[in-house]
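Q: All I have is the shape, not the residue letters:
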């Protein structure tokens, strides 16, 4: 098989890495890919949202399966386009992608299928939104409706903060068209967990629970980011709680969409808040999480490509239970100074070669670029994004996995590099956190 992976982040490197392990796969292409995917196959200079060019490439190269990493091409309808041309592609169609593209649509869908979520109101003008905030006088979350790169959510402990958030999103149009409408939610307390499932439109296969760390700095301080690290599994989510989550969230959604003639195929990501054993949905995403994927897939022993094909063709009920490595996995993001704000590119990354062949440690590239460095010239890497690398490690329990990861991180350096030092630290308290 020839497989095309669409995207360029750490998630896409991890997907390409896992796909390349399949006995079914002969070659992996990545569009546009990064320095890590170039080591696994062939990078193609096509942007992830250039659907016409991706479609032409897939036809010309006789691609057997296309796997979409980021949300934007899904929202633009890449699955509909490929499917209409008889090409096999893993992911939801444009209609289903509205679960991530529109927070209003997602919340209304949750209400329709009686899926637990925070109380909310939708607004399309500043005045009415502010009036609502003044009457509530309680902690709130203000969300831009559309895609905002993971930054369109503002947690507000006071009415003053909420009023400022309304001004920022709707008045100043900080996130452009994404903020034409906003959702104002009650702030939930508890602990967040990420649950990813694969669906073929009727059947569901859950992946292992993971926990992301959205804030930039230790102890959940600083601005929201795309994610600074994740770990898997989550001790808090035992079989009983997972069964409850499936019964209250994923089965009602997948069954409801199917009955309404809108079957969901692909990966569905539920960002949940667990409050005293009760799950509430914060958000749905329609693709693999980043960096959750980098903590989940290293534990997967089953063939990911077989699972994806069963999702596309139907027949996940025949896949059965997935086979998992019993060890824990911790993945830590190494970020460029200034992220999630402005940051420098082109800084030399040192030390990656020291991790080559290191047992149970995997380097996933994200915002990096392969270049020729020095005299005599050698192949090296420079920074090319905000989240530069993901270092993942497997160990017998979270402590051993953490120890391996942070020891490996000590070998790597680049100007301005920073990272959280508390990923997978189970001493984290239950807290009121911001949805993302």
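A: Structure received. If you're wondering where the values come from, they're calculated on a predicted model, not measured in any experiment.

Q: Assign residue 23 to helix, strand or coil.
A: Three-state call for residue 23 (DSSP: H, G, I helix; E, B strand; the rest coil): coil.

Q: sorry, that was for residue 160
A: Quick answer, by three-state DSSP: residue 160 is helix.

Q: next one: the one 10 residues further on
A: For residue 170, the secondary-structure state derived from three-state DSSP is helix.

Q: same check, this time on the one 4 residues further on
A: Reducing the assignment to helix, strand or coil with three-state DSSP, the entry for residue 174 is coil.

Q: what about the nearest residue to it once chain neighbours are set aside, how many neighbours?
A: Closest residue in space to residue 174, ignoring its immediate chain neighbours: residue 168 at 4.9 Å, by Cβ to Cβ, 6 or more residues apart in numbering. Backbone N, C-alpha and C define where each C-beta goes, glycine included. Residue 168 has 16 neighbours, counted by other Cβ atoms under 10 Å.

Q: Do I have it right that residue 168 meets residue 154?
A: Yes - using Cβ atoms under 8 Å as the test, residue 168 is close enough to residue 154 to be in contact (7.1 Å).

Q: Spit out the contact partners of the residue nearest the centre of the chain.
A: Geometric centre of the chain, nearest residue: residue 289, 1.8 Å, by Cα atoms, centre = their mean. Residues in contact with residue 289 (Cβ atoms under 8 Å, 6 or more residues apart in numbering) are 11, 194, 196, 210, 212, 227, 230, 269.

Q: List just the nearest of those residues to residue 69.
A: Nearest to residue 69 among the contacts of residue 289: residue 11, at 5.3 Å, using Cβ to Cβ.

Q: which element is the closest one on?
A: Using DSSP states H and E, residue 11 maps to helix 10-20.

Q: Show me the contact partners of that helix.
A: By Cβ under 8 Å, 6+ apart, the list of residues contacting helix 10-20 from outside reads 3, 5-7, 25, 28, 30, 33-34, 36-37, 40-41, 67, 69-70, 288-291, 293-294, 297-298, 300, 304-305, 333, 362, 364-366, 387, 389-390, 392.

Q: All the helices of this protein, in order from the start?
A: Applying DSSP state H to the chain gives helices spanning 10-20, 51-60, 71-75, 78-84, 98-101, 103-112, 126-136, 159-166, 239-245, 251-259, 292-296, 304-313, 398-409.

Q: Out of those helices, the one nearest residue 120 is which?
A: Among these, the nearest to residue 120 by Cβ to Cβ is helix 103-112 (5.5 Å).

Q: how close does the residue nearest to residue 83 when sequence neighbours are not counted get to residue 34?
A: Leaving aside its chain neighbours, residue 83 sits nearest to residue 89 (6.4 Å; criterion: Cβ to Cβ, 6+ apart). Counting by Cβ to Cβ, to the nearest Å, the gap from residue 89 to residue 34 is 21 Å.

Q: Repeat that for residue 346.
A: Applying Cβ to Cβ, the value for residue 346 to residue 34 is 15 Å.

Q: Comparing the two, which residue is more hemmed in?
A: The residue with more neighbours, out of residue 346 and residue 34, is residue 34; 27 against 11, by other Cβ under 10 Å.

Q: for that one, what are its contacts?
A: 8, 9, 12, 13, 43, 365, 366, 367, 368, 369, 384.

Q: swap the cut-off to 7 Å and go again
A: Residue 34 makes contact with 8, 13, 365, 366, 368, according to Cβ atoms under 7 Å, 6 or more residues apart in numbering.

Q: Check residue 413 too.
A: Residues near residue 413 by Cβ under 7 Å, 6+ apart: 350, 351.

Q: Now do it, the pLDDT please.
A: Turning to residue 413, the model gives it a pLDDT of 98.

Q: got it, and residue 377?
A: Residue 377 is assigned a predicted lDDT (pLDDT) of 78.

Q: Against residue 229, how distant is it?
A: 34 Å.

Q: just residue 338 next, same as before
A: In this view, residue 338 and residue 229 are 18 Å apart by Cβ to Cβ.
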